[in-house]
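> This is a predicted model, with the sequence first.
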Amino acid sequence: MAKIEILQVYDYLHSIPELGFQEVKTSTFLAEQLQKFGYKVTTGVGKTGVIGEIKGQEPGPVLMLRADMDALPFTVDGKPEVRHACGHDSHCSMMLAAAAVLADKVRKGTLKILFQPAEEIGTGALAVIKDGALEGVDYILGLHNRPVQDIPDGTLTPAVNHSALAQVVIDIEGKSSHGARPHLGVNAAETAAVLTTAIMSIKLNPVKTWSCKVTAIQCGSVFNIIPEKAHMLVDCRAEDNTTIDEMLTKLQQAVDGIAVAMGAKIILTTPTGIIPAPQYDPEMVKLLADSIVAVAGKANYRAPITNPGGEDFHFFTRKYPKLKAGYLGVGAGATPGLHAVNMHLNKNSLQKGADVLVHAALKIIG
């Protein structure tokens, strides 16, 4: 049985953070390790992704284990930096440790290990889908470290119920004029302000959890010129796919109405599409729950949690509805929170996540 030092792997990956679709050092290292364990390795999946594959001696299902690889961009002391502030280095470490143990334990079916690029920009899952990575897969398990706000350090949960997410871009085109003659122009800044009020007035079912908020407005340059253009960003989240579809419909209606009222041209786009809400298979949730109790004990089990974050893992079940998916949450004491520039976690808690993955996987292909 192959074995790796998970803490050493984490320290190395943490030292080489790379942005989405730029994970060259990360994917090269992971591919080399999978080859050492005896996996058949395919690189360049979805540009920088890696798949390791091992077939058992007996026929059976295809199980995929997936971890994301990319880091996040920051500006620190006026300088651009890339940091693993969401813990994808921890995900790869847990997945690689599990892959090492499972390498000689696949008895039936096929095990595939997917290291996926570009989760943070919401298009990595779509890229590996386009390359056919999910064809023929019957079961898939993903995982994510959890911050202290979700579950305590050292505990685990068998499901993280993310929100559906849409990153909305709104471009406004008005007409420039002198500030002393505003009636000759169409003020893009005022249009953005009116549209912001309309967005804040959107109402959806209060029983559902959702949010629709303006996060950025860019327009204008000097005080006495009516701005011709404005650029807006809107963050849309909802607990299920039906609710976010309704939200985006109402958002488009607001855009259309304000455009007529203000005499502006307004274009709404969703560059990454709608990142869907999860569709977990109850069988897989129970499998992970049982594995948590078996590996870490009942005291370290936590019930499924709801989290307003988005995750492109859920594109897999949107594209392949028959795919049985599960998603493990690993309490690793991430502080002060995910995506914080100074985020740090307890790397000593990662081994539990790897062990739960191994236990669950062997129930399917062992």
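Yep, it's here. Keep in mind that what you see is a predicted model, and the values were worked out from it rather than measured.

> Can you tell me which residue sits nearest the middle of the protein?
The centroid of the chain falls nearest to E311 when counting by CA atoms, centre = their mean (2.8 Å).

> Give me the nearest residue to that residue, chain neighbours excluded.
H162 (4.7 Å; CB to CB, 6 or more residues apart in numbering). Glycine gets a C-beta too; all of them are placed from N, C-alpha and C.

> same check, this time on P182
I226 (5.6 Å).

> Touching, the one you found and A180? I think so.
No. Assessed by CB atoms under 8 Å, I226 is found out of contact with A180, at 9.7 Å.

> Comparing those two, which residue is more hemmed in?
Taking other CB atoms under 10 Å, I226 and A180 do not tie; I226 has more neighbours (22 against 8).

> Tell me the buried residues in the particular helix or strand that has T317 in it?
Counting by DSSP states H and E, the element that carries T317 is helix 315-319. In terms of neighbour count (16 or more other CB atoms under 10 Å), helix 315-319 has its buried residues at 315-318.

> pLDDT score assigned to P308?
Listed pLDDT for P308 reads 89.

> residues contacting it?
162-163, 209, 211, 237 (CB atoms under 8 Å, 6 or more residues apart in numbering).

> pretty sure it belongs to a helix, no?
No. Secondary structure of P308 (DSSP: H, G, I helix; E, B strand; the rest coil): coil, not part of a helix.

> any idea how far it is from A238?
9 Å (CB to CB, to the nearest Å).

> related to what we said a few turns ago, kindly supply the ChimeraX command isolating those of the contacts of P308 that are buried.
Selection of buried members from these for ChimeraX, criterion 16+ other CB under 10 Å:
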select :162,163,209,237
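
> beta partners for the residue nearest to P182?
S177 (DSSP bridges).

> Number the chain from 2, please
Will do, 2 is the new start, and the previous item becomes I227.

> residues in contact with it?
175-180, 183, 186-188, 190.

> circling back: could you redo the buried residues of helix 316-320 as a markdown table and give each row pLDDT and distance to I366?
Formatted as a markdown table, these follow (pLDDT from 0 to 100; distance: CB to CB, whole Å):
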| residue | pLDDT | distance to I366 |
| --- | --- | --- |
| F316 | 96 | 24 |
| F317 | 98 | 18 |
| T318 | 97 | 20 |
| R319 | 94 | 25 |
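
> any idea which of those residues is closest to F116?
F317 (14.6 Å; CB to CB).

> domain assignment for the chain?
Following automatic domain parsing, the chain resolves into domains at 7-163+279-366, 165-270.

> what about the first one, how long is it end to end?
End-to-end distance for domain 7-163+279-366, by CA to CA, to the nearest Å: 23 Å.

> do the same with the shortest one
By CA to CA, the extent of domain 165-270 from end to end equals 16 Å.

> and it, average pLDDT?
97.

> if we can go back for a sec, same list (the buried residues of helix 316-320) but as a markdown table, adding distance to L14.
Listed next are the buried residues of helix 316-320 as a markdown table, based on distance: CB to CB, whole Å:
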| residue | distance to L14 |
| --- | --- |
| F316 | 24 |
| F317 | 23 |
| T318 | 27 |
| R319 | 29 |
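
> Might you calculate how far the helix or strand harbouring Q253 sits from the centre of the chain?
Remark: Q253 resides in helix 242-263, with elements defined by DSSP H and E. Put simply, helix 242-263 sits 25 Å off its chain's centre (CA atoms, centre = their mean, to the nearest Å).

> strands paired with whichever helix or strand comes after it, and their directions?
Following helix 242-263 in sequence order, the next helix or strand is strand 266-270 (DSSP H and E). With DSSP bridges as the test, strand 266-270 is paired with strand 165-174 (antiparallel).

> List the buried residues of the helix holding Q253.
So, applying 16+ other CB under 10 Å, buried residues of helix 242-263: 242, 244-245, 247-249, 251-252, 255-256, 259-260, 263.

> do stretch 16-28 as well
Result for stretch 16-28 [16+ other CB under 10 Å]: buried residues 17-19, 21-24, 27-28.

> Pull out the buried positions in the helix or strand harbouring L363.
Assigned by DSSP H and E, L363 belongs to helix 351-366. Applying a neighbour-count criterion of 16+ other CB under 10 Å, the buried positions in helix 351-366 are 351-363, 365-366.
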